[in-house]
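Trainee: Give me coordinates for this.
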Amino acid sequence: MSGSRLVRSSQDLARLMQEGYAVRIVNGFLVVNDIPFVDEAAQVQWGSFLCPLDLSGDTTAPPSTHVMCFVGGVPRDKNGRPIDGLVNDGVERWSASPDLTATCGFSQKKPDGNYTDFYEKVTYYAAMVAGPAQAVDPGATPFTFKPVETDEDDGVFVYVDTYSSRAGITELNALLAVKKVVIIGLGGTGSYLLDLLAKTPAVTLHLYDGDFLRSHNAFRAPGAASIDDLRAPMKKVDYYERMYSAMRRGIKPHPVNVTAENVNEILDANFVFLAMDTGPDKEAIIKALTAHGVPFIDTGVGLSRDGNGVNGQIRITTSTPARTDHIERDGLISYFAGDHADYDTNLQVAELNALTANLAVLRYKKLLRFYADTEDERHTVYALDSNDLHNRYGTSEANAEDDSCEQPLASEADDAA
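Mentor: Sure thing, here's the model as predicted:
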C-alpha cells in the first residue's frame, strides 16, 4: 500500500486504491486520475475527478457536498451528446493547482440521501462518466492500480490543510509560503501574531524572546496555558514551539532577545514582525532591517486608564524596501521611553493585542497579494474611544512615495517559479 498516512487510516480512500483507482491528494483535494470519458466527437478521452476532502484529524469525514468537479474535458454519453442532468454550470469550478483546474462541475445527489463516504461519491460519479466510455471501448477502465500520490508529507502542516481547498483559496494561500518569517517578542501581540501566522504555509517561523512564560502572559495570549506550564518554568519560545508544533512544522525557537549585537541573525528574513519594547536595541534592529532591505511591520499598543475606563491607541507601521522614508522622516516609531508616551505603558488587554496582530497580518497578507489592496497604506492607528481607524501613507496620499516599481514580496511559490 502507499505510504500515505491519510489513505492508510481512511477506509474509503484505501478501498478506492485497493480497487485500482488512481488516487492522489493535492493541496487538500481528492484527485482521482485516469477516468475514461466520451467527448463530443464520441471518442474516449481521459480526465480526473476533483473535490475537496473533509477530514476529522487524520481520517476522512463524510463528504459535506455532493458536488464533484472534472478536469480534462466535459463528459458526454456514448454518442457524444450531453449526459442528462450531469453537468451543472452553476457550481464552482475548483482548482487544486494550475494543472488541476476543473473544466466543468457535476451536481448529482443520491436518490436516498447524502454520500456516506468518498468511496461512494467517487464510484457513483465514475459509473455515470466511465460507463459511456466503456460502451465505446470496453477496455477503457479507471482501474489502473497506480500508487497513491500525495503532497501531505511535503508541506509545513502536520495534517492536510482542507480549509483552503474548502474555501477555494488554495492558489491564493500558496502566495503565503514565505521562506523565513521572524517574530521579535512573544508577549501579548507577538503571541497572537504567531497564532495567525502559524496557520499560513510560511516555511519557517523564527521566534525570538528571552523571557520565561509567566502567569500574566497567559491572560493576554491565545490558548490556555496550564498551571504546570507556568510552574515549569519554560521560555516563551519553547512553550509556543511545543504548542504550535502540534499543527505545523518549521517553528524555530530562539530563547534570546534580538539586540544590536545579534541582529545579523535576522537579516536574511523575508519578513519581520516586531512586537517588542522601546529601547536602543529596537532602533538598531529597525535601522539594520531598513539598510538591508528587509520588509517589516512594527506594532505598538499604548493604553492607560482614565475616568472613563481604559483608553488609548494601537498602531502598526509598515516598511518595505522601496518605501522606508516615512519611518525616520516622521518619527512614527518610538525607540525610547517618552518618545511616544501613549505606547510606553504596560497596560495591555488580550483583545487589543489580538486586534493589533490581526491588523498587522492583514497588512502583511495584502503585501503578498492575498487580499485586495486599494490604498497600500503604511501606517495605521486605531483610536479606542472613538473606534476610528486612521490610515496614512497610502498611494492616494499626496506625500506618499512612488511605489510604482515595487514588486509583491517574494514567497516560496515565487522562488519555485
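
Trainee: can we go C-alpha only for contacts and neighbour counts from here?
Mentor: Fine.

Trainee: Count the neighbours of residue 97 for me.
Mentor: 14 (other Cα atoms under 10 Å).

Trainee: Would you confirm that residue 376 contacts residue 395?
Mentor: Yes - checked against Cα atoms under 8 Å, the pair residue 376 and residue 395 is within contact range at 6.0 Å.

Trainee: so what's residue 220 closest to, chain neighbours aside?
Mentor: Sequence neighbours aside, residue 350 is the residue nearest to residue 220 in space, at 4.1 Å (criterion: Cα to Cα, 6 or more residues apart in numbering).

Trainee: So for stretch 332-351, mean pLDDT?
Mentor: Across stretch 332-351, the average pLDDT comes to 66.

Trainee: and the end-to-end length of that stretch?
Mentor: 23 Å (Cα to Cα, to the nearest Å).

Trainee: now swap in stretch 177-187 and tell me
Mentor: The first and last residues of stretch 177-187 sit 25 Å apart, counting by Cα to Cα.

Trainee: As a check, name the ranges of all helices in this structure.
Mentor: Ranges of helices in the chain, per DSSP state H, are 5-9, 11-18, 118-136, 162-167, 170-174, 188-197, 215-218, 227-231, 236-244, 280-291, 325-329, 350-367, 412-416.

Trainee: In TSV, list those helices along with distance to residue 47 and mean neighbour count.
Mentor: Listed next are the helices of the chain as TSV, based on distance: least, Cα to Cα, whole Å; neighbours: other Cα atoms under 10 Å:
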stretch	distance to residue 47	mean neighbour count
helix 5-9	22	18
helix 11-18	17	20
helix 118-136	10	20
helix 162-167	20	17
helix 170-174	21	18
helix 188-197	36	24
helix 215-218	52	16
helix 227-231	52	13
helix 236-244	39	19
helix 280-291	49	19
helix 325-329	53	14
helix 350-367	35	21
helix 412-416	26	13
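
Trainee: I'd like the mean pLDDT over stretch 164-181, please.
Mentor: Looking at stretch 164-181 alone, the average pLDDT works out to 86.

Trainee: Now tell me what touches that stretch from outside.
Mentor: Residues external to stretch 164-181 that are found in contact with it (Cα atoms under 8 Å, 6 or more residues apart in numbering): 27-29, 52-53, 94-97, 200-206, 268-273, 365, 368-370, 410-414.

Trainee: What subset of those is buried?
Mentor: For the contacts of stretch 164-181, a neighbour count by 16 or more other Cα atoms under 10 Å gives the buried set as 27-29, 52-53, 94-96, 200-206, 268-273, 365, 368-370, 410-412.

Trainee: Quick check: strands, which of those residues are part of them?
Mentor: 29, 52, 95-96, 204-206, 271-273 (DSSP state E).

Trainee: residue nearest the centroid of the protein?
Mentor: Computing the C-alpha centroid of the chain and ranking residues by Cα atoms, centre = their mean puts residue 200 first, at 2.8 Å.

Trainee: what sits against it?
Mentor: 173, 176-177.

Trainee: Now distance to residue 318 too, for these, in a markdown table please.
Mentor: Converted to a markdown table, the contacts of residue 200 look like this (distance: Cα to Cα, whole Å):
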| residue | distance to residue 318 |
| --- | --- |
| 173 | 21 |
| 176 | 17 |
| 177 | 20 |
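
Trainee: Tell me, domain by domain, which residues of this protein belong where.
Mentor: Taking automatic domain parsing as the reference, the chain has its domains at 5-156, 175-416.

Trainee: rank those domains by mean pLDDT and give me the bottom one.
Mentor: Across these, domain 175-416 gives the lowest mean pLDDT, at a mean of 87.

Trainee: coming back round to it: out of the ones in strands among the buried ones among the contacts of stretch 164-181, which is nearest to residue 41?
Mentor: Closest to residue 41 out of those is residue 95 (26.1 Å), distances taken as Cα to Cα.

Trainee: residues contacting the closest one?
Mentor: 101-102, 168, 170-171.

Trainee: go again using 6 Å as the cut-off
Mentor: Applying Cα atoms under 6 Å, 6 or more residues apart in numbering to residue 95 gives the contacts residue 101.

Trainee: who's it bridged to?
Mentor: residue 101 (DSSP bridges).

Trainee: Okay, it and residue 176: tell me how far apart.
Mentor: 17 Å.

Trainee: what number of residues lie near residue 62?
Mentor: Residue 62, neighbours per other Cα under 10 Å, totals 18.

Trainee: Could you number the chain from 839 rather than 1 from now on?
Mentor: Done: numbering now begins at 839, and the last item shifts to residue 900.

Trainee: That one touches residue 956, doesn't it?
Mentor: No - Residue 900 is beyond contact range of residue 956, at 7.0 Å (criterion: Cα atoms under 6 Å).
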